[in-house]
Structures are given as C-alpha cells and as structure tokens.
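> quick one, structure for this:
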Amino acid sequence: MKSGFVLSLTVLALVCSGASAHAFAEEQHVSLQTPGNRDDRVRRTSLRQLTGLNTLTLRGTDGNATVSFGGRADELVTGIVLRLRFSHSPALLFDQSYLRILLNDETMAIIPFTKQTAVQSNVQEFTLDPRFISDLNQLRFQFIGHYTTGCEDLLNSNLWAEISGASELEITSRPINIPSNLAYLPEPFFDRRDLKRLQLPFIFPKNSSLNIIRAGGVTASWFGQLANWRGARFPVSIGELVKGHAVVFATNTHRPEFLATHAPVTGPTLRIMNNPLDGYSKLLLVLGRNDKDLRIAVDGLVRGSAIFSGAEARIKKIPPAQPRMAYDAPAWVRPDRPTKFSEMVDQLSELQAQGHS
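I've put the predicted structure just below:
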C-alpha cells in the first residue's frame with residue numbers, strides 16, 4: 001500500500017505540473033502565420049541551440065564544422081534561410097581563402113574572405129534550397145584558408161575562422177495531413193527526426209479519477225523515454241480541445257465534452273483521428289469502458305505488446321510484466337558487471353573522433 005500510494009502521488013505531480021527533463025536546447029521561436037499560406041510555420045533556431053556551442057571554430061587549411069537538424073514526417077519544408085554571423089583571421093590570403101556552406105553535401109554558397117570581412121563581425125543571409133532537405137540533415141561549414149603561398153603549418157595560429165552560435169536557421173514548413181494509422185506510432189506525437197524538446201499536450205476529462213491520471217503519468221513516462229536527451233513537456237488541458245497533436249484519456253463515463261457524441265467503446269481501445277480544430281493534427285485517444293480498461297489500453301501502448309494498424313485497435317489482455325531487478329533501468333550503468341561503452345551509445349560512430357596533436 002505504501003509503495004502504491006507514493007507512485008500515485010508521483011504520477012499526479014508529473015502529469016499536473018507538465019514536468020520535463022530539460023535538454024541543453026532552448027525553446028525555439030515559432031510563428032504560426034507567415035505570408036503565402038496561413039498554415040505555414042516558421043521556426044527560428046540558433047546554431048547554439050542545435051550544437052550547445054557558443055562558437056564553432058574552424059582551424060587549419062581545411063577545417064570543417066557540422067550542424068545536424070531534423071525534418072518532421074508530418075511537415076513539408078518550403079523554405080530555409082541561414083543568417084550567418086562569422087569572423088576570420090586578418091592574416092589570410094584573401095584571394096585564396098573562403099568559407100563554403102553545404103547542405104547535405106550540396107554546395108549552397110561560397111563566402112570569399114576580404115579585407116572588409118577581416119576587420120569586423122559579419123552578418124550575411126543565405127537562402128538555401130529546400131529540395132535538398134531530408135529526414136536528418138547536415139549543415140556543413142568548410143573553411144579553406146591560406147596564410148602563405150609556400151609550405152604551410154596546419155597549426156599556425158593565423159589559420160582560423162569562427163561562426164557564432166547566434167547564427168540562425170529559419171525554416172518555413174507546411175503541415176501535411178498524414179493518414180490516421182496507429183502503425184506509425186509513436187509518430188506523429190513523437191518524431192525522432194525532430195531534435196527540439198518534445199511538447200505534447202494531454203487532455204483529461206473533468207473530475208478525472210486517480211487511475212485516469214495514472215494512465216497519463218505512465219504515458220508521459222513512455223514519451224519521455226523516447227524523447228531522451230531532447231527533454232519533454234506535457235501541458236495539461238482539462239476537458240478542452242487544444243490545437244496540434246495531443247493525447248486524450250477517457251472512459252465511457254468520464255470523457256471530455258468534445259467526445260460526447262462518440263460511441264462508447266466495448267473494451268480497451270486506442271484510436272487516432274484528425275484534430276477538428278485544424279484538420280491535420282492528430283489526436284491519440286486512449287479509451288476504456290472503465291478505469292481497468294484504460295489501464296490495459298495504456299499498458300498495450302507503452303509496452304509495445306501489440307502490433308497496431310488502422311485508425312483503431314482493440315487491446316486484449318496484456319501479459320504481466322516481468323519484475324525488474326534493482327538498478328537495472330535501461331539508461332543506468334550495470335552494477336553487476338562491467339558496462340561496455342558500446343552499450344551506452346546508439347551508434348558506434350559516436351565513439352569516434354578526429355583531431356590532431
């Protein structure tokens with residue numbers, strides 16, 4: 001009884017406060033209206049938010065810096081602008097030194113270095129071609145610098161250029177009405193390509209029972225685990241529909257008013273539908289006849305025990321989960337044996353680095 005009571009209080013605090021783990025990235029500035037299409041969204045993101053660095057320093061005769069960013073599956077990128085702030089060494093040979101900007105290995109612009117750019121901090125704006133945008137993107141800065149026409153020392157202090165973390169990417173995108181299909185879960189509610197903090201509203205009925213709130217807490221834990229280093233926030237709405245993707249928790253006797261005309265369910269159910277407020281965002285409905293059904297529906301969602309397809313799935317009885325051992329959380333270092341570095345990264349390439357002595 002004592003452990004269950006503590007769990008309930010923890011879940012209640014998690015859901016009602018919209019608690020989140022904070023990633024290093026700050027919030028992006030988002031404008032929902034731009035010229036051309038009323039549904040277009042403009043996101044302005046600094047390179048500091050994408051890299052966690054205040055300055056990208058390029059050194060040597062062929063220095064490179066790469067900035068990664070994602071593209072959501074439910075959005076079409078229609079425009080991308082780079083506002084670049086940079087400076088460079090005044091000792092460079094200006095007729096042989098320049099900065100090359102590449103998007104997914106396609107050259108977008110070349111900035112020649114001059115006497116004027118050497119004595120000031122520079123701000124230039126470039127329109128990048130959105131046709132080269134993919135799911136996971138790399139913006140690369142290649143510094144080609146020379147300080148003499150003879151033999152050069154790659155470590156010479158005159159070979160440098162710097163890109164400010166205050167430089168910005170402004171990405172204009174248009175929402176896409178993707179099919180309402182549970183097979184895409186956890187998309188579009190969580191998209192691994194989206195590198196910013198997850199913000200996913202939860203909608204509860206008025207006078208929710210503790211078990212309904214617990215269902216929200218378990219679901220928040222699942223999405224939080226998926227978000228990982230991005231961090232996650234779950235704003236709570238009581239009975240009111242909100243714009244954008246959202247998760248709704250309801251039983252036949254306790255449901256938000258906008259679900260009043262929906263037929264009662266006959267068991268634990270997951271359903272995905274268009275959000276009527278905008279017509280293209282999705283609502284994930286977690287439904288049950290009662291609190292017990294709702295718990296089964298949530299367990300089926302977060303444990304991935306069922307293979308979903310279509311707009312609705314009926315969840316049957318979920319096999320009981322095996323008890324966890326002490327200190328065996330997936331992101332924890334194993335206490336019972338040595339932990340390999342390969343177990344602590346998603347890709348082995350994360351253990352590789354380049355540099356010089």
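> bridging residues for the closest residue to Phe86 other than its chain neighbours?
Here the nearest residue to Phe86 in space, its sequence neighbours aside, is Ile163; by Cβ to Cβ, 6 or more residues apart in numbering that works out to 5.0 Å. Placement of C-beta: from N, CA and C, glycine included. With DSSP bridges as the criterion, Ile163 is bridged to Leu56, Phe86.
> repeat for Glu168
Beta-bridge partners for Glu168, by DSSP bridges, are Ser46, Arg83.
> same question for Ile144.
The residues listed as beta-bridge partners of Ile144 by DSSP bridges are Asp62, Tyr98.
> distance between stretch 284-302 and the chain's centre?
Centre-to-centre, stretch 284-302 and its host chain are 26 Å apart (Cα atoms, centre = their mean, to the nearest Å).
> and for stretch 45-55?
With Cα atoms, centre = their mean as the basis, stretch 45-55 stands 15 Å off its chain's centre.
> mean confidence score for that stretch?
Stretch 45-55 shows a mean pLDDT of 92 in the predicted model.
> buried residues, it. List them.
Residues 45-51, 55 are the ones in stretch 45-55 that count as buried (16 or more other Cβ atoms under 10 Å).
> try stretch 78-85
For stretch 78-85, the neighbour count (16+ other Cβ under 10 Å) marks 78-80, 82-85 as buried.
> keeping just the C-alphas, turn that stretch into CSV.
Extracted in CSV, the C-alpha atoms of stretch 78-85 (Å, rounded to 0.1, in the frame of the first residue of the first chain):
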residue,chain,number,x,y,z
THR,A,78,9.1,25.1,-48.2
GLY,A,79,11.9,27.5,-47.3
ILE,A,80,15.1,27.7,-45.4
VAL,A,81,17.2,30.8,-44.6
LEU,A,82,20.6,30.9,-42.9
ARG,A,83,21.5,34.1,-41.1
LEU,A,84,25.2,33.6,-40.6
ARG,A,85,27.4,35.5,-38.2
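> let's have the buried residues of stretch 45-55 in a markdown table, adding distance to Asn274.
As requested, the buried residues of stretch 45-55 are exported to a markdown table (distance: Cβ to Cβ, whole Å):
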| residue | distance to Asn274 |
| --- | --- |
| Thr45 | 28 |
| Ser46 | 33 |
| Leu47 | 35 |
| Arg48 | 36 |
| Gln49 | 31 |
| Leu50 | 31 |
| Thr51 | 36 |
| Thr55 | 44 |
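> three-state assignment of the nearest residue to Gly165 once chain neighbours are set aside?
Beyond its immediate neighbours in the sequence, the residue positioned closest to Gly165 (Cβ to Cβ, 6+ apart) is Arg48, lying 3.2 Å away. In three-state terms, and counting by DSSP: H, G, I helix; E, B strand; the rest coil, Arg48 is helix.
> quick check: the gap between Arg48 and Arg233.
When distances are taken as Cβ to Cβ, to the nearest Å, Arg48 and Arg233 turn out to be 20 Å apart.
> return the member of the buried residues of stretch 45-55 nearest to Arg72.
Out of these, the one with the shortest distance to Arg72 is Thr45. That distance is 13.3 Å, counting by Cβ to Cβ.
> those helices in the stretch 251-357 of the chain, which residues are they?
Ranges of helices within the stretch 251-357 of the chain are 291-303, based on DSSP state H, counting those that start in this stretch.
> what about the residue of the chain most remote from its centre, distance to Asn156?
Of all residues in the chain, Gly150 sits farthest from the chain's C-alpha centroid, using Cα atoms, centre = their mean; the distance is 47.2 Å. For Gly150, the distance to Asn156 under the criterion Cβ to Cβ works out to 12 Å.
> one more: Thr78?
With distances defined as Cβ to Cβ, the gap from Thr78 to Asn156 amounts to 43 Å.
> cool, and Thr339?
42 Å.
> quick check: phi and psi on Met240?
If you look again at residue 240, you'll see it is Glu, not Met. Listed backbone geometry of Glu240 is phi -110, psi 140, with angles given as degrees, to the nearest 10.
> which elements pack onto the longest helix seen in the chain?
Of all segments of type helix in the chain, defined using DSSP state H, the longest is helix 210-227. Packed against helix 210-227 by the contact rule (3 or more Cβ pairs under 8 Å, 6 or more residues apart in numbering; DSSP states H and E) you find helix 2-17, strand 198-199, strand 202-204, strand 232-233, strand 246-251, helix 291-303.
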